[in-house]
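Visitor: Sequence and predicted structure are below.
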Amino acid sequence: MTHDRVIVPLDVPTLEEALARVDQLPQVSFWKVGLELFVGAGPTILEVLKEREKRIFLDLKFHDIPNTVAGACRSAAKYGVDLLTLHTTAGREALSAAIRAINDADVPPKLLAISLLTSINSRELAFDLKIPLELPEYALQMALLAQESGIDGAVCSPLEVSQLRQVCGEDFLLVCPGVRPAWSESGDQRRVMTPASALKAGANYLVIGRPITAASDPVEAWEKICQELATV
Ligand SMILES: O=C(O)c1cc(=O)[nH]c(=O)n1[C@@H]1O[C@H](COP(=O)(O)O)[C@@H](O)[C@H]1O
């Protein structure tokens, strides 16, 4: 069974482990390469995924001054990936610089801005990060800043996706991690929803990792998630 709106992260440290995972789940058409694998094993995995005609979400979450973010985006865009992330909190100028930087690429990636990490809850937002806004309002404001800057979409929790969809419109890409089937553990995710509810609420793509990759039978876990999504 396949589902082209589920992105599975390759959160492993080596190329060998990443390839084993890709081989184990040939049904998966969209893979995410994040910091652990990219820092640990370099860009070779991107070539391999392209040879296998997989789509690629390069999730490096750039967060720096505008000149540095622009340089990082320019370098990343050369890999010909489909999606690329940066943090909205890098600021308006960095967001605009990122867009200008990828425009030279043959096929520029879609840029996604992190609104608020799905591991943060309201208490942490208020008491640790000292943000005085309510959490849904903060996530919305970050998505709007990204949209106003010309960014293609946002990464958000499924709990906020319906509001973001309503305000940002149909063309703004919304990608949701923090997705947990009823039968799985939340782990370090704080703002979660089930796959079917997240898709119904308006997500374009769901990022689902450990419920599949840490399951005793990842293929069976993938199939169960696809069956759940088929009901939407
Ligand atoms: O940008 C992301 O993909 C991301 C943003 C966010 O707010 N929360 C979040 O969990 N992620 C990523 O989504 C994946 C979620 O994995 P699981 O928690 O194992 O399903 C991880 O690779 C995270 O790096």
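Guide: Nice, I can see it. For clarity, every value in this text was computed on a predicted model and none was experimentally measured.
Visitor: Quick check, R210 in contact with G187.
Guide: Yes. Counting by CB atoms under 8 Å, G187 is a contact partner of R210 at 5.9 Å. Where you see a C-beta, it was placed from the backbone N, CA and C, and this is true even at glycine.
Visitor: which of these two has more neighbours?
Guide: Between R210 and G187, counted using other CB atoms under 10 Å, the more crowded position is R210 (17 against 13).
Visitor: tally of neighbours for A72?
Guide: A72 has 18 neighbours, counted by other CB under 10 Å.
Visitor: What sits closest to it if chain neighbours are left out?
Guide: Using CB to CB, 6 or more residues apart in numbering and skipping residues adjacent in sequence, the residue nearest A72 is F62, 4.9 Å away.
Visitor: And the one you found, what's its pLDDT?
Guide: Per-residue pLDDT puts F62 at 98.
Visitor: how near is it to the ligand?
Guide: Computed as CB to the nearest ligand atom, to the nearest Å, the F62 to the ligand distance reads 11 Å.
Visitor: Next: G202.
Guide: In this structure, G202 and the ligand are 17 Å apart, going by CB to the nearest ligand atom.
Visitor: Which residue is the nearest non-sequential neighbour of that residue?
Guide: Closest to G202 by CB to CB, 6+ apart is R165, at 3.4 Å.
Visitor: What residues does the protein have near the ligand?
Guide: 9, 11, 32, 34, 59, 85, 114, 117-118, 155, 177-178, 187, 189, 207-210 (CB under 6 Å from any ligand atom).
Visitor: swap the cut-off to 8 Å and go again
Guide: By CB under 8 Å from any ligand atom, the part of the chain that sits against the ligand consists of 9, 11, 32, 34-35, 57, 59, 61, 85, 112, 114-119, 155-157, 175, 177-180, 187-189, 207-211, 213-214.
Visitor: before we move on, the earlier item: which residues does the residue nearest to G202 contact?
Guide: By CB atoms under 8 Å, 6 or more residues apart in numbering, R165 lies in contact with F172, L174, A201, G202.
Visitor: Which helix or strand contains the second one?
Guide: Translated: L174. Element membership of L174, judged by DSSP states H and E, is strand 173-176.
Visitor: I would like the residues contacting the following helix or strand past that strand, please.
Guide: Note on strand 173-176: by DSSP H and E, the next helix or strand toward the C-terminus is helix 195-201. Contacting residues not belonging to helix 195-201 are listed as 5-6, 158, 161-162, 165, 176, 179, 181, 193, 206, 208, 225, 228-229, 231-232 [CB under 8 Å, 6+ apart].
Visitor: And the helices in this structure?
Guide: For the chain, applying DSSP state H gives helices covering 15-24, 35-41, 44-51, 66-77, 92-102, 122-123, 135-148, 158-168, 195-201, 210-213, 218-230.
Visitor: gap between the residue in the chain positioned nearest to the ligand and V6?
Guide: Residue of the chain nearest the ligand, by CB to the nearest ligand atom: G209 (2.6 Å). G209 sits 10 Å away from V6, going by CB to CB, to the nearest Å.
Visitor: Those two: who's more crowded?
Guide: Taking other CB under 10 Å, G209 and V6 do not tie; V6 has more neighbours (22 against 18).
Visitor: wait, that one sits on I208?
Guide: Yes. Counting by CB under 8 Å, V6 sits close enough to I208 to count as a contact (5.7 Å).
Visitor: Need the residues touching each of these two.
Guide: Jointly contacting V6 and I208 under the rule CB under 8 Å, 6+ apart are P195, I225.
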